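1. Return atomic coordinates for the entry below.
(one chain, ligands or ions: 2)
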Amino acid sequence: MGTIGDQLHFLPSSISFSIFSADEVRKLSKVEITSTVGLNDLCQPLPGGLYDLRMGPYMRDYGVCATCHLNYLHCPGHLGHIELTFPVINPMFRSVAISLLSRTCLNCSALLVPAPLLTLVRTQLELLELGLAAEALAAADLIPASSASAGGPKRRRADKDVELDADMVDADAVISDKQLSDKLAGYLADLKERHRSGELAGQVRNVVLERRTVIRRFLGQRPLKQCTQCSRRQPSLNDFMGQIVRIEKKDPGKNSIDRPTDANDLRGYLTTVEARDVLRKLWTREKGLLCAVFGVLNSLKHCEFPTDCFFLEVLPVTSPRLRPRREASRLSIPLRAAAMAAM
Ligand SMILES: [Zn+2]
Ligand SMILES: [Zn+2]
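-> Ligands and ions are numbered 1, 2, ... in the order given. Predicted structure coming up:
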């Protein structure tokens, strides 16, 4: 790539959207913002402030960019960044992150989703990836309504939204889960073979819609109250005033299903560092499923823990020349920064 003036127009053959990881923001950044004071008394940019010249001049008469040495008219603007003391939940993914955390064991990071449903969702997403929408829909019929273990859309007590507890899983159910997994695996292998041989053709139509339905059902499933891997009872998580509040029942044995929150219940906070660690461990266990459900993670596979994108530890700061500006008479100055500088 030459200089800005040398760049040619081009026609993209495909386009995809992604987000920057924290390390990528740091690499792109030309300056770390460390000062709350942006301008001095003469409205000149201060180093480390929000108008640092390394991000480009913010006004026509304020010299040249300290990064590319071009003036206001020609400097394209450069990114800065702010390091946060603690990570915060990325507001773009807030509901997704909390939904996922609610379905993850806070002790061992296993998914709090019944095993049959997990197998079914995996199978359906894999079939949809091949464009086999009708076959993905039919996979749900492989779960018999009378099957004993918790889980599966048909095993949910129809439309009553009753929580399925891990206590309901008995020895027979474990066998049923195994049989069900084998059945779904055989079904998937057969269809994949027929797809590979050209007997079954993939379609685009309805695939996106069906995929959305599968994911919505997966994320809409009420989480198990007890982890099937480590047997630890799970607190419920609430999003309250920007914090994740964990509520643990003092007496879980007493009418534990759908009991309203008691004032005596134990409450605490799940910090963002803890939440990030839980999702990191979940990533190591369920990479394939998470990538199939959250497409954004596919574009971050080069990162050690793509689920970190659900949190922000670095804030990118746009160039001053690209920010909205307030006008005061004939002067175009960043009023708030000037006021801060005068304090
Ligand atoms: Zn520049
Ligand atoms: Zn667990």
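
2. Would you map the strands across the protein?
-> For the chain, applying DSSP state E gives strands covering 31-32, 80-89, 236-240, 243-248, 266-270, 311-317, 327-328, 331-332.

3. and the longest one with strand 236-240, angle?
-> This points to strand 80-89. 140 degrees (axes from the mean of the first three to the mean of the last three CA atoms, to 10 degrees).

4. Phi first, then psi, for residue 66.
-> Torsion angles at residue 66 (phi, psi; degrees, to the nearest 10) stand at phi -80, psi -10.

5. Could you dump the strands of the chain into CSV with mean pLDDT and mean neighbour count added?
-> In this view, the C-beta of every residue, glycine as well, is placed from N, C-alpha and C. Shown next, in CSV, are those (pLDDT from 0 to 100; neighbours: other CB atoms under 10 Å):
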stretch, mean pLDDT, mean neighbour count
strand 31-32, 96, 18
strand 80-89, 94, 16
strand 236-240, 85, 15
strand 243-248, 85, 16
strand 266-270, 85, 13
strand 311-317, 94, 19
strand 327-328, 57, 10
strand 331-332, 50, 12
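
6. close enough to count as contact, residue 93 and residue 310?
-> Yes. Taking CB atoms under 8 Å as the definition, residue 93 is a contact partner of residue 310 at 4.6 Å.

7. Just want to know which of those two has more residues nearby.
-> residue 310 (24 against 19; other CB atoms under 10 Å).

8. hmm, back to that, okay if I get the strands of the chain as CSV plus distance to ligand 2?
-> Output for the strands of the chain, formatted as CSV (distance: least, CB to the ion, whole Å):
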stretch, distance to ligand 2
strand 31-32, 39
strand 80-89, 22
strand 236-240, 15
strand 243-248, 15
strand 266-270, 15
strand 311-317, 22
strand 327-328, 57
strand 331-332, 57
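
9. ok, for residue 271, nearest residue in space, not its chain neighbours?
-> Distances taken as CB to CB, 6 or more residues apart in numbering put residue 86 closest to residue 271, at 7.7 Å, once the chain neighbours are dropped.

10. now the helices: where do they sit in the stretch 101-250 of the chain?
-> Counting by DSSP state H, counting those that start in this stretch, one finds helices in the stretch 101-250 of the chain at the ranges 115-129, 133-139, 171-196, 207-220.

11. Most tightly packed of those?
-> Of the helices of the stretch 101-250 of the chain, the one with the most neighbours on average (mean count of other CB atoms under 10 Å) is helix 115-129, at a mean of 22.

12. Can you tell me what sits against it?
-> 111, 133, 135-137, 139-140, 142-143, 147, 149, 151-153, 155, 176-177, 180-181, 184-185, 187-188, 191, 207, 210-211, 214-215, 217-218, 221, 228, 288-289, 292-293 (CB atoms under 8 Å, 6 or more residues apart in numbering).

13. so how far is residue 27 from the closest residue to residue 317 other than its chain neighbours?
-> Spatial nearest neighbour of residue 317, chain neighbours left out: residue 80 (3.9 Å); criterion: CB to CB, 6+ apart. For residue 80, the distance to residue 27 (CB to CB, to the nearest Å) stands at 13 Å.

14. Can I get the helices of the stretch 101-250 of the chain in CSV including mean pLDDT and distance to residue 99?
-> Output for the helices of the stretch 101-250 of the chain, formatted as CSV (pLDDT from 0 to 100; distance: least, CB to CB, whole Å):
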stretch, mean pLDDT, distance to residue 99
helix 115-129, 85, 14
helix 133-139, 81, 22
helix 171-196, 74, 24
helix 207-220, 84, 5
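
15. Get me the contact residues on the protein for ligand 2.
-> Applying CB under 5 Å from the ion, we find that the chain lies next to ligand 2 at 105, 107-108, 110, 227, 229-230.

16. okay, the residues you listed in CSV with neighbour count next?
-> CSV is the format used below for these (neighbours: other CB atoms under 10 Å):
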residue, neighbour count
105, 23
107, 15
108, 15
110, 20
227, 21
229, 14
230, 11
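
17. Can I get these in CSV including pLDDT and distance to ligand 1?
-> Formatted as CSV, the residues of the chain next to ligand 2 follow (pLDDT from 0 to 100; distance: CB to the ion, whole Å):
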residue, pLDDT, distance to ligand 1
105, 93, 49
107, 91, 50
108, 92, 49
110, 92, 49
227, 91, 52
229, 89, 53
230, 90, 53
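
18. what about residue 305, neighbour count?
-> Neighbours of residue 305 (other CB under 10 Å): 18.

19. if I read this right, it contacts residue 280, doesn't it?
-> Yes. At 4.5 Å, residue 305 counts as touching residue 280 under the criterion of CB under 8 Å.

20. Just give the closest residue to residue 214, not the sequence neighbours.
-> residue 124 (4.9 Å).

21. roughly how far apart are that neighbour and residue 117?
-> For residue 124, the distance to residue 117 - CB to CB - is 10 Å.

22. and the residue in the stretch 201-343 of the chain that ligand 1 sits nearest to, what pLDDT?
-> Using CB to the ion, the closest approach of the stretch 201-343 of the chain to ligand 1 is made by residue 319 at 7.9 Å. Here the pLDDT value assigned to residue 319 is 92.
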